[in-house]
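Peer 1: for reference, the sequence and a predicted model appear below.
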Amino acid sequence: MASKPFQTDIEAIRARAREHIDQGAITAGYNADRETVIKLLNEALATEIVCVLRYKYHYYMASGINSQAVKGEFLEHAQQEQEHADRIAERITQLDGKPNFNPDGLLSRAHADYAEGVDLVDMIKEDLVAERIAIDTYRAIVEYIGADDPTTRRVMEEVLAQEEEHAEDMATLLEQLGKKGEPARPAQMKPQAGSRAGRAH
């Protein structure tokens, strides 16, 4: 049985490529629900922006004898979350959508919360919680997209992999510092029972 010449398929692809040329990367072979994918990507974009802001706050506010190494992790993660945001925004534009950078409603669009934390250990905990939220929601996005949009799925899989690394980093730091309980700022000294301030008048 003679196989169909592959050249015929190429000619058909060339013909389709000239149709709806204004749609850019979106061709007839795109099978996903584009509007839903763009919505999910904009939610992921908001999540990444919130994570950048939270990590930056933690970087500038962390203090204490154990803070220097942790500050380095905060800054590195902030930079990587910004790279994620840029990749996601770029993919949205490739899908002929508009990346939503509007600060109004940013927290309502994001999956993770913006939590400042009160001390170094608390900051790490908040970052770990946010990373775990991102991992679950990004995994759900990957599963939803499936084989319908391989490019978007690959972008989100790569972002997901790095979020898992971030969570592992925060879990390791929490294990190291949680036992020491090193605060980001010194706690106020409480008067001892035998001190003058602690005696009843």
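Peer 2: Perfect, thanks for sending it.

Peer 1: please, where are all the helices along this protein?
Peer 2: Taking DSSP state H to define them, one finds helices in the chain at 6-18, 34-61, 67-94, 106-109, 120-145, 150-178.

Peer 1: list the buried residues in the fourth one.
Peer 2: Meaning helix 106-109. Counting neighbours by 16 or more other C-beta atoms under 10 Å, one finds that the buried residues in helix 106-109 are L106, R109. All C-beta spots, glycine's among them, are computed from the backbone N, C-alpha and C.

Peer 1: show me what it is packed against.
Peer 2: helix 34-61 (3 or more C-beta pairs under 8 Å, 6 or more residues apart in numbering; DSSP states H and E).

Peer 1: what sits closest to the most centrally placed residue in the chain if chain neighbours are left out?
Peer 2: Residue closest to the average C-alpha location in the chain (C-alpha atoms, centre = their mean): E48, at 3.8 Å. Counting by C-beta to C-beta, 6 or more residues apart in numbering, A85 is the residue found nearest to E48 once chain neighbours are left out, at 3.9 Å.

Peer 1: so Y57 makes contact with D127?
Peer 2: No. Using C-beta atoms under 8 Å, Y57 makes no contact with D127, being 10.5 Å away.

Peer 1: thinking again about what came up before, can you say which of the helices of the chain is nearest to N100?
Peer 2: Smallest distance to N100 across the helices of the chain (C-beta to C-beta): 4.6 Å, for helix 34-61.

Peer 1: hmm, back to that, I'd like the helices of the chain laid out as TSV, including distance to N100 and mean pLDDT.
Peer 2: Output for the helices of the chain, formatted as TSV (distance: least, C-beta to C-beta, whole Å; pLDDT from 0 to 100):
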stretch	distance to N100	mean pLDDT
helix 6-18	29	49
helix 34-61	5	95
helix 67-94	8	95
helix 106-109	7	94
helix 120-145	16	93
helix 150-178	16	93
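
Peer 1: and for N66, the neighbour number?
Peer 2: Neighbour count of N66, defined by other C-beta atoms under 10 Å: 18.

Peer 1: where's it relative to Y60, distance?
Peer 2: 16 Å (C-beta to C-beta, to the nearest Å).

Peer 1: per-residue pLDDT, N31?
Peer 2: For N31, the pLDDT comes out at 72.

Peer 1: and the pLDDT for the closest residue to it other than its chain neighbours?
Peer 2: Counting by C-beta to C-beta, 6+ apart, the nearest residue to N31 once its immediate chain neighbours are dropped is D148, at 4.3 Å. Reading off the confidence values, D148 has pLDDT 90.

Peer 1: what's near enough to touch the closest residue to K71 other than its chain neighbours?
Peer 2: Nearest residue to K71 in three dimensions, chain neighbours excluded: A62, at 5.0 Å (C-beta to C-beta, 6+ apart). A62 makes contacts with V70, K71, F74, L120, M123, A184, as judged by C-beta atoms under 8 Å, 6 or more residues apart in numbering.
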